[in-house]
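A.B. asks: below is the structure, and that's it, no one-letter string:
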């Protein structure tokens, strides 16, 4: 048998074997997984209605909401390095890096959120005029404040609440280290109130989204700030009052 013919036959055999190997799944391919977890608060109680965003590699972020029991699920996904970001009105935004080892082992995630509001004496709002009656009263009386209601917000269509501050005198907006931007009034962080409750060390984009807000009051200084929202500890940094839909 000619040696050239034998060599050709051997080459065909090697090619076929290689083709079968390449048709199989790569040894490093990641099997799809289901990502499950629960969102809880400082007291380990379930947080319902939290927005949970899953970002894997270069893929677009996928969002789900936690149920009444605080639990969330992302269906079968291709496991890859990424992050999960959780946000809920009244809590600080939290982003974690995915632990691929735990996810391969189907271990559920527990995402604990930190409350941004502190317990203070509540502000009394006249129920006969609705929750926005105070906002409208301040808007009519104020000389130094800037005001945005839901119609103003819809017209401007900001991505973040902080975008509304770009044309406010004395305000600066910079990219934040976490979710959204950082807002400073006269060079320092303003005090933020949400529905009459003072927040603690919060950024404006952490406490609400534009679609959740009915009205925003911005006071760059103590001048014109309603007495119930004056904070002597933060008097030089201005005040922001948010009225939300929930």
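C.D. replies: Happy to help now that I have it. Just so we're clear, the structure is a prediction, and the values are computed from it rather than from any experiment. Numbering: from 1, shown residues only.
A.B. asks: who touches the closest residue to residue 45 other than its chain neighbours in this structure?
C.D. replies: Computed as C-beta to C-beta, 6 or more residues apart in numbering, the closest residue to residue 45 that is not its neighbour in sequence is residue 70, at 7.8 Å. Placement of C-beta: from N, CA and C, glycine included. Shown in contact with residue 70 (C-beta atoms under 8 Å, 6 or more residues apart in numbering): 38-40, 45-48, 50.
A.B. asks: again, only using 7 Å
C.D. replies: Applying C-beta atoms under 7 Å, 6 or more residues apart in numbering, we find residue 70 in contact with 38-40, 46-48.
A.B. asks: cool, and residue 170?
C.D. replies: So residue 170 contacts 185-186, 220 (C-beta under 7 Å, 6+ apart).
A.B. asks: again, only this time at 8 Å
C.D. replies: Contact analysis of residue 170 by C-beta under 8 Å, 6+ apart lists 185-186, 220-221, 238.
A.B. asks: restricted to buried residues, select those residues in PyMOL.
C.D. replies: Entered in PyMOL, the line below selects the buried ones among these, by 16 or more other C-beta atoms under 10 Å:
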select buried, resi 185+220+221+238
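A.B. asks: for residue 169, state which of the contacts of residue 170 is nearest.
C.D. replies: The nearest member of the contacts of residue 170 to residue 169, counting by C-beta to C-beta, is residue 220 at 6.6 Å.
A.B. asks: okay, now the domains of this structure?
C.D. replies: The record's domain parsing of the chain by automatic domain parsing lists 32-112, 127-244.
A.B. asks: tell me which of the ones you listed sits most buried.
C.D. replies: With neighbours taken as mean count of other C-beta atoms under 10 Å, the domains of the chain reach their highest mean count in domain 127-244, at a mean of 17.
A.B. asks: tell me how far it is from the chain's mean position?
C.D. replies: Relative to its chain's centre, domain 127-244 lies at 18 Å (C-alpha atoms, centre = their mean, to the nearest Å).
A.B. asks: and the contacts of residue 170, which two are the farthest apart?
C.D. replies: Within these, two members stand farthest from each other by C-beta to C-beta: 185 and 221, at 7.8 Å.
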